[in-house]
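In: The following block contains a protein sequence and its predicted model.
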Amino acid sequence: MKTLTTLILTICFYSFASGQDVLPNLQMESLDGSSVDLQTISENDQLVILSLWATWCVPCKNELDAINEVYSDWMDETNVKLYAVSVDDSRTVKRVKPLVYGKGWEFDVLLDTNSDLKRLLNAPTVPLTLLVKNNKILYRHSGYTPGTEDELYEKIREFSK
């Protein structure tokens, strides 16, 4: 009985720690005000990067800057699509659009002002980067240090086949 209890607790902890493995069914607002159904962005074998970030998060902006430098090459080579999901709340969300346009980021930006997606993904911190295909989360990485985008690209190549 003690072994069974330990096994159940281990499984529960692993499930909680690893977060959700399927993209939740959620409507999100894009930067231009249109509504985006989160589950439709990775249908039909479309490989998608979801990057949760915030305007106040320096590592988040550094990661998105680094990805933006190589994003067009990644799209050409693997057909990957990036959605940068801002978790800025109602007090800071007004900073998102000027920051995105000022940096010239070439990817789609979605707004998670109530942190619904962040909560559903059990994401305690940002940046959080996910690779998703057919609504299944294939890869998940928290934090950013220079060079992490190279590891992400290797995963993109692996899952784009």
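Out: That came in fine, so what should we check first?
In: helices and strands of the protein: which one bottoms out on pLDDT?
Out: Lowest on mean pLDDT, DSSP states H and E among the helices and strands of the chain sits helix 2-18, with a mean of 42.
In: and the next element down the chain from it?
Out: Where DSSP states H and E defines the elements, the next helix or strand beyond helix 2-18 is strand 27-30.
In: and that following strand, what does it pack onto?
Out: strand 35-37, strand 108-111 (3 or more CB pairs under 8 Å, 6 or more residues apart in numbering; DSSP states H and E). For glycine as for every other residue, the C-beta is placed from the backbone atoms N, C-alpha and C.
In: hey, which of the ones you listed is tucked in deepest?
Out: strand 108-111 (a mean of 20; mean count of other CB atoms under 10 Å).
In: And the average pLDDT for that one is what?
Out: Here strand 108-111 scores 98 as its mean pLDDT.
In: cool, and stretch 123-137?
Out: 95.
In: For that stretch, buried residues please.
Out: Within stretch 123-137, the residues scored as buried using 16 or more other CB atoms under 10 Å are A123, V126, P127, L128, T129, L130, L131, V132, K133, N135, I137.
In: Tell me the secondary structure at the first one.
Out: Spelled out, it's A123. What DSSP: H, G, I helix; E, B strand; the rest coil gives for A123 is coil.
In: what's the next secondary structure element after the longest helix along the chain?
Out: Longest helix in the chain by number of residues (criterion: DSSP state H): helix 58-78. Once the chain leaves helix 58-78, the next helix or strand it forms, by DSSP H and E, is strand 81-86.
In: how distant is the helix or strand just after that following strand from the center of its chain?
Out: On the C-terminal side of strand 81-86, the closest following helix or strand by DSSP H and E is helix 96-103. Its chain's average C-alpha position is 18 Å from that of helix 96-103, according to CA atoms, centre = their mean, to the nearest Å.
In: now stretch 30-37
Out: Centre-to-centre, stretch 30-37 and its host chain are 16 Å apart (CA atoms, centre = their mean).
In: So what's the model's average confidence on that stretch?
Out: 95.
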